[in-house]
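# quick one, fold the following:
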Amino acid sequence: MSAPAIPLASIENRILLIRGQKVMIDADLAELYGVPTKRLNEQLTSSPTSASDRRLRGKEGDSCCATTSSGLA
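Sure thing, here's the model as predicted:
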């Protein structure tokens, strides 16, 4: 059985524009996926070369582009 659809407005309201880049805070992204923030961050650090990780962290995986629940890393 599939999960209920998330309203588009709920997603759009969580996207921030920082230095010309669209970003989401890790806590917001984890909430949308229904997982704890800690688990989301563990997955990002355990597979740093996957395509989804590059999209989430930025093309180079720079820490300057990563976000945390307390602000920019």
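
# low-scoring pLDDT stretches of the protein, where are they?
Under the criterion pLDDT under 70, the flagged ranges of the chain are 1, 3, 47-73.

# and the helices in it?
Secondary structure of the chain (DSSP state H): helices at 8-12, 26-33, 37-46, 51-57.

# restricting to C-alpha, output the shortest one in PDB.
Think helix 8-12. C-alpha atoms of helix 8-12 as PDB (Å, rounded to 0.1, in the frame of the first residue of the first chain):
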ATOM      1  CA  LEU A   8       2.800  20.200  -2.900                       C
ATOM      2  CA  ALA A   9       2.400  23.400  -0.800                       C
ATOM      3  CA  SER A  10       3.800  21.600   2.200                       C
ATOM      4  CA  ILE A  11       7.000  20.800   0.300                       C
ATOM      5  CA  GLU A  12       7.300  24.200  -1.400                       C
END
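
# can you give me the buried ones in that helix?
Residues of helix 8-12 classed as buried by neighbour count (16 or more other Cβ atoms under 10 Å): none. All C-beta spots, glycine's among them, are computed from the backbone N, C-alpha and C.

# got a list of contacts for that helix?
For helix 8-12, contacts defined as Cβ atoms under 8 Å, 6 or more residues apart in numbering pick out Leu32.

# please shift the residue numbers so they start at 35 in all later answers.
I'll keep to 35 as the first residue from here, and by that count the last item is helix 42-46.

# one step back: ranking the helices of the chain by burial, who's on top?
Using mean count of other Cβ atoms under 10 Å, the stretch among those with the largest mean neighbour count is helix 60-67, at a mean of 17.

# turn the helices of the chain into TSV, including distance to Ile52.
Formatted as TSV, the helices of the chain follow (distance: least, Cβ to Cβ, whole Å):
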stretch	distance to Ile52
helix 42-46	16
helix 60-67	13
helix 71-80	18
helix 85-91	14
